[in-house]
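Student: what's the 3D shape of this:
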Amino acid sequence: MKIVRRDFVPDGPGSVKMVPDEADDLWLAYNLIAEGDSVLAVTVRKVLREAASGGRDAERVKLKLEIKVEAMDYDKEGSVLRIRGKNILENEHVKIGAFHTLEIELHRPFVLRKEVWDSLALDVLRQASDPTASADLGVVLMQEGLASIFLVGKSVTTTRSRIEASIPRKHGPAVAGYDKALNKFFENVLQAFLKHIDFKVVRCAVVASPGFTKDQFHRHLMLEAERKQLRTIIENKSRIILVHTTSGYKHSLREVLDAPNVMNMIKDTKAAQEVRVLKDFFTMLSNVSYVGMAFCRNQLGHAMDQSMLRLPMKEWLSKPFSSQMSSSGQNADVVTRKKYVNFVKSVKASGGTAHIFSSMHVSGEQLAQLTGIAAILRFPLPDLEDIEM
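Tutor: This is a model prediction of the structure:
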């Protein structure tokens, strides 16, 4: 995210002008903008003009509008953030109070105004403007007859391609058909690899699978690169890493991110930190009593009152609303959001670390399967189990 201008007071009002450079930036903007904020951007709107014949003609006009945010929608596949609200900027074509939907796209500037830039908003803004935070990892996750290509960014994991093929059984008279079908499958995966994985962007590309499928595809990849003189593969073959996983489905992405050879390549990124912290949390969860853990706001509040909180982990979930999502971070009401801000401030003040996970990464999805918020305590609290979740 390119930050063009900052004009705000921490814990006070102000505005920031920014330009999203990549899909991750739109997701961060989605988490940064809240209901009640205002957003200023150039947009297009259909307006009616008087025609010479006396009728009225519809015309699409480019204009600048500022709207009071009422709802948002993030289109991950289309890389578009849609913001709906009422216009608050006087304009000859659009009345004040008229509804409009702004579409924020890549490389298009916008201005965000908030009444309060609290610590959570400042953390997201800091993360958005940090060029070293991006994971930029390409992953081919596969098994015989199925392959998916993912791009793992600092906040968003996107599925770029899915390849499926029917592979005959390897034994008996069908063996000739097996080899032919497998080679065709590998060729389709290779074409998707070349289309979606850009070594000018990604730090490394991972080929992962159970069994030997990854090794067979890697051999096919290298042979075809030499035969067709695919320079992008030949010049970056040292950046193609093989990883064993238990399946070729998306949930095995966490095994990829947890692999030592992958972790060494992305160890300084937010995505890697989330995986590492969550792994430590589940390791402790399997080795210690539940009285050393907190799993909801009520338990966290009690632990904080006892000054026992050491390492909280919070899943900052967004729309669509649900009972859990609406009580987590960004989309909560003002009172609830202030409670989360106080959680984070108190933990940092006591020397702890607060981690805000992305719900668009596998680690965030895994945390959300608990309650979306959890903590490791300094000392066990025996009465914690009696507190309602």
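
Student: Do I have it right that residue 57 meets residue 47?
Tutor: No - the pair residue 57 / residue 47 is not scored as a contact, 9.6 Å apart, by C-beta atoms under 8 Å. C-beta here means a position set from N, CA and C on the backbone, and glycine is covered the same way.

Student: So for the two, which sits in the more crowded spot?
Tutor: residue 47 (16 against 11; other C-beta atoms under 10 Å).

Student: and the gap between the more buried one and residue 82?
Tutor: Look at residue 47 and residue 82: by C-beta to C-beta, to the nearest Å, they are 20 Å apart.

Student: Please tell me how far the nearest residue to residue 249 once chain neighbours are set aside sits from residue 27.
Tutor: Closest residue to residue 249 apart from its sequence neighbours, by C-beta to C-beta, 6 or more residues apart in numbering: residue 141 at 7.4 Å. Taking C-beta to C-beta as the measure, residue 141 falls 21 Å from residue 27.

Student: Burial check on the closest residue to residue 258 other than its chain neighbours, number of neighbours?
Tutor: Nearest non-adjacent residue to residue 258, counting by C-beta to C-beta, 6+ apart: residue 275, 5.6 Å away. For residue 275, the neighbour count with other C-beta under 10 Å is 27.

Student: Report the contact partners of residue 275.
Tutor: By C-beta atoms under 8 Å, 6 or more residues apart in numbering, the residues touching residue 275 are 254, 257-258, 263, 363.

Student: just the residues you listed now: which is nearest residue 217?
Tutor: Among those, residue 257 lies closest to residue 217 (C-beta to C-beta), at 19.9 Å.

Student: what about that closest one, neighbour count?
Tutor: Neighbours of residue 257 using other C-beta under 10 Å come to 28.

Student: any idea how far the nearest residue to it once chain neighbours are set aside is from residue 81?
Tutor: Using C-beta to C-beta, 6+ apart and skipping residues adjacent in sequence, the residue nearest residue 257 is residue 275, 4.4 Å away. Noted for residue 275: a distance of 26 Å to residue 81, by C-beta to C-beta.

Student: If any of the contacts of residue 275 are buried, put those into a PyMOL selection.
Tutor: PyMOL command restricting these to the buried ones, with burial defined by 16 or more other C-beta atoms under 10 Å:
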select buried, resi 254+257+258+363
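
Student: Which members of the contacts of residue 275 are the farthest-apart pair?
Tutor: 263 and 363 (12.8 Å).

Student: what touches both of the two?
Tutor: Counting by C-beta under 8 Å, 6+ apart, the residues touching both residue 263 and residue 363 are 257, 275.

Student: I figured residue 150 was touching residue 156, is that so?
Tutor: No - between residue 150 and residue 156 there is no contact under C-beta under 8 Å: 10.3 Å.

Student: Domain parsing of this structure, as residue ranges.
Tutor: 2-128, 137-266, 270-386 (automatic domain parsing).

Student: I'd like those domains laid out as a markdown table, including mean pLDDT.
Tutor: Output for the domains of the chain, formatted as a markdown table (pLDDT from 0 to 100):
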| stretch | mean pLDDT |
| --- | --- |
| domain 2-128 | 89 |
| domain 137-266 | 91 |
| domain 270-386 | 60 |
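
Student: that older thread, next up, the contacts around the residue nearest to residue 249.
Tutor: Residue 141 neighbours (C-beta under 8 Å, 6+ apart): 147-150, 208-209, 245, 248-250, 252-253, 256.
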